[in-house]
Structure formats: structure tokens, C-alpha cells
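Trainee: missing the sequence, but the structure's below:
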């Protein structure tokens, strides 16, 4: 790659980062010094911003690089899993969980999921357990963004810039940005980044099609090179795999700290309802073109070097260098939108659910907000160090985190809707399913008497689904076998009769 072209590409990415940082600095001037404004923008977010900040927060390296890579290797059915099945499933869950959580948070003033559950069940142990589980699975997902940024820079520059530079760049940027901006700045830049990403990925589709000779030429090439990609299902895409993946991702997303906290921030009920109604449309508009790019790259015979991602390599082959850089800037925007939101939410779990109840119950709001900023830096540096060892592919890392969060979803749903739920039932449901899931992720499979234990699937279905079923059985069963203590407050979740 010519030095001039490399400078242009890095200049495009750098200019984009500076624009985003400027928005963050402006937001810092408007952000209050209290924790609620820093974390939730004083619950004042409108429809467009809520929709796009949720959208951009979910658009991460897993979506922009992991998905196209999977489509490149296994075929385009990934569109059905993410673009359709999860778009619809998450919209339904946004209503079932998110709307009720918004009502409760509005009347009770909760900032985090752990705070909400801990208060309802009168349990600092439950509060700490939910926060600990959330931070544990947040670690690999933040790391996923750093891995994606490093691989994006490698692919864009054909290896001229090493992996660690891209990972370090996004780490430094997200620390500075989150420390300055708070949720208000994050939401504003998410809106800009979401619109930018939608636009640039569709332009990329048109440009690649034009350069490759049109849709007929690309389709013919795909039929000749990868004929199996034109048939629905087969290979990786068994019905069991597709359903398991869609369910764990959709349920897991609702428990991601950066998504779950957005259930608290809507200005009013109409904002929330409009947002989840429009959600499936927005998801399809992004996922379809992104995953088609990966599919077409396979048909066009694009060779992807080890350690790189298919999208930058495809664009370098079929579009000018400056445009490939622009798309990578959009992808890095996706990663930053996820990373800054993750770090902001993670810091709130650290301070609200661990530091305040266990270390300094009398901490001021201002002290808590500044401690959160220190937590952001420490967490980001830790994930960066681990990302340098590149533990697994983007798909593996992301899928592990989704499944871990999915184990929380059903106990939370039971607590939101069933007043008979008890503290012991919640502790059993959350802890039991997490132990089951962690054992399957980190311990090797073993065979006892011809039966495989800790395997990836049971009766062809992913083990994460069994963990979710276990969480439901333990929560309901544990609640039926125990009685509520006097300090449990079922009335805290009684929102049905309240005006919204």
C-alpha cells in the first residue's frame, strides 16, 4: 500500500474520531455532576435518540465484523438469525421487560438492574450477585470491541499498522470519551454514528455491486464459487443452531448493562413504545447489507488474510482507499458506540451496586460520579491487556457473553411479573444458572457411562438454552418452597395501576 493512501485512510479514521470527541466535550459542559444525570441523562431521552442510541450501542464488532465473517465462511443465513429473528424477538422483549422496567424505574428512581432487584428483595447479596455477573460477562464483550478495532486496522492497512495499535487507539478514545461525556454525550454521538453507519454500509453495497459488474454478475459468481450459499440451511445453519442462537442473543441483549439501562432513560411511555415498534425495521436495514457484503466476498473469491476481517479486505479490492477507510471508520463508530456505553453502564454497576452498599454507603453523588470515571479507565485497560492475547474469534467471544447474559433474563422476567417471587428463589435462579453456564464454557467436556457431560449441545440443542430453563425452574421452584421475608417489597414492582 502506498504511503499516501495509508495517510489518507488514517486521516479519515482520525477525523471521524475527533468529530465524535468534540460532541463529547460539548456534552460534558451540559452534564450535571450528579450520578443520575451522568448515567441516565436525567431520564430525558426522546424517541429518535433512544432508538439510535440503542441501535448504535448494539452495533459492535460482533455485528460489523463477526457477522460478515460468518456469512463469508458459512453463508448468508446469518441474516435470518440477526436481521429478522433477533430484530423481532428483541423488540418483543423490549416491551415485555423494558416497558415494565421503565415504569418501575420512573416511580422508584432506580439507576441499575441490581439496584432495582436488590431493593425489591431487600438483599445486598442479590444486588451484588447481579452486578458481579453483569461485570463478569461485560469484560469479554468490551474486549471484543478492542479485538475488532485491532483487526479492522490490520485489514484496512494490509498489515502496515499492527493489531495492537488499533486496539490501543479505541481503548484510549473510549476512556477519554466516557470520562467526559456521560450518557448525554454517548446518546448524542450514538445517534450520529447510527445514521452514519446505516448510510455508509448501503453505499458500500452499491459501490461493490457496481465495481463487480452488477447484481447478476455477483450472483453468478456466487453460484459458481459457493453454490451451497444459495440453498437455505445446511452445514452450520441447522434449525437448532439458528433458533438457539437467536434466542440466546435476543434474551442476552435485554440483560446487557448498556441496553438494560436504556430501559430507564425514556422521557415518557410514548417514546419507549415508538422505539421498540421501529426497532425491527432499523435492524434489518443494517444487518442485511452488512452480511451480504460477507457473502458476496466469498462468491467473488476474495482472500482474507489470517487475523483480518472480510469487510475491509473486500472494500480495498472494490472501492477506493478513502471509502474503505470511511466504512472502517463507521465500523469503529459501531465499536465505540458499544464500548463507551458498556464502560459507562459497567461503572454504574461498580459504584451503585458494589462500592456504595459495601464500601461507602454515605458517598456523595459527585464522589460516586468521579469514582465511576476511574472505574472506566481501569476496566478498559484491563480488557485491552487481555485483548492483546486474542482469546478466540470475534464470534466465539461475542457468543459467550450473549449466553452468559441470557441466563439472567428469565429470573428478571419472573420477578417483574410474579409478586410471589422470593429472595431465595431469585438467588437460586441467578446463581444456579450461572454456575451451569460457566462450567460449560470453561470446563472440558467429559463422558461418563457413555453420556457426555458439559458438552456443547444436549439432544442437538445448545447448552445455553438448558441453562435458561434451569434458571426458570430454580427461580419459580425456589420461590414456591420459601416464603418472603419481611424486608422484601413486592409493592415496589406493582406498576399495573399507575398512570404512564
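Mentor: Now that the structure is in, tell me what you want to look at. These numbers come from a predicted model, not from an experiment.

Trainee: Flag the shaky bits of the stretch 401-500 of the chain, pLDDT-wise.
Mentor: In the predicted model, the stretch 401-500 of the chain carries pLDDT under 70 at residues 496-500.

Trainee: Go again with 90.
Mentor: Applying pLDDT under 90 to the stretch 401-500 of the chain flags the ranges 401-402, 441-456, 459, 492, 494-500.

Trainee: where do the helices sit along it?
Mentor: Using DSSP state H, counting those that start in this stretch, the helices of the stretch 401-500 of the chain run over residues 423-442, 463-481.

Trainee: Would you reformat the ones you listed as a markdown table and include mean neighbour count and distance to residue 26?
Mentor: In short, each C-beta sits where N, CA and C put it, glycine included. A markdown table is the format used below for the helices of the stretch 401-500 of the chain (neighbours: other CB atoms under 10 Å; distance: least, CB to CB, whole Å):
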| stretch | mean neighbour count | distance to residue 26 |
| --- | --- | --- |
| helix 423-442 | 20 | 40 |
| helix 463-481 | 20 | 41 |
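
Trainee: Report the contact partners of residue 159.
Mentor: The contact partners of residue 159, by CB atoms under 8 Å, 6 or more residues apart in numbering, come to residue 305.

Trainee: now do residue 120
Mentor: Contact analysis of residue 120 by CB under 8 Å, 6+ apart lists 415, 488, 489, 490, 492, 493.

Trainee: And those, which is closest to residue 322?
Mentor: residue 415 (51.3 Å; CB to CB).

Trainee: Now, of the contacts of residue 120, which are buried?
Mentor: Among the contacts of residue 120, those classed as buried by 16 or more other CB atoms under 10 Å are 415, 488, 492, 493.

Trainee: Looks like residue 236 contacts residue 78 (just checking).
Mentor: No: contact criterion CB atoms under 8 Å: residue 236 and residue 78 do not qualify, at 9.0 Å.

Trainee: Which of those two has more residues huddled nearby?
Mentor: Remark: of residue 236 and residue 78, residue 78 carries more neighbours, 27 against 14, as counted by other CB atoms under 10 Å.

Trainee: got the phi/psi numbers for that one?
Mentor: When read as degrees, to the nearest 10, the backbone of residue 78 gives phi -60, psi -30.

Trainee: which residues does residue 427 contact?
Mentor: By CB under 8 Å, 6+ apart, the contact set of residue 427 is 123, 125, 126, 129, 478.

Trainee: For the host helix or strand of residue 141, buried residues please.
Mentor: For residue 141, the host element (DSSP states H and E) is helix 124-156. Judged by neighbour count using 16+ other CB under 10 Å, the buried positions of helix 124-156 are 126-135, 137-156.

Trainee: got it, and stretch 206-219?
Mentor: For stretch 206-219, the neighbour count (16+ other CB under 10 Å) marks 207, 208, 209, 212, 218 as buried.

Trainee: Residue 485 contacts residue 126, correct?
Mentor: No: the criterion here is CB under 8 Å, and residue 485 misses it with residue 126 at 11.8 Å.

Trainee: can you list residues touching both of those two?
Mentor: Residues touching both residue 485 and residue 126 by CB under 8 Å, 6+ apart: residue 423.

Trainee: Residue 364 - how many residues pack around it?
Mentor: Residue 364 has 12 neighbours, counted by other CB under 10 Å.

Trainee: for it, what are its contacts?
Mentor: Residue 364 neighbours (CB under 8 Å, 6+ apart): none.

Trainee: Now it: phi and psi?
Mentor: The phi/psi pair for residue 364 (degrees, to the nearest 10) is phi -70, psi 160.

Trainee: any idea how far it lies from residue 204?
Mentor: In this view, residue 364 and residue 204 are 48 Å apart by CB to CB, to the nearest Å.

Trainee: which one is residue 174 nearest to, not counting chain neighbours?
Mentor: Spatial nearest neighbour of residue 174, chain neighbours left out: residue 339 (4.4 Å); criterion: CB to CB, 6 or more residues apart in numbering.

Trainee: Actually, residue 130.
Mentor: What sits nearest to residue 130 in space, not counting adjacent residues and going by CB to CB, 6+ apart, is residue 114, at 4.0 Å.
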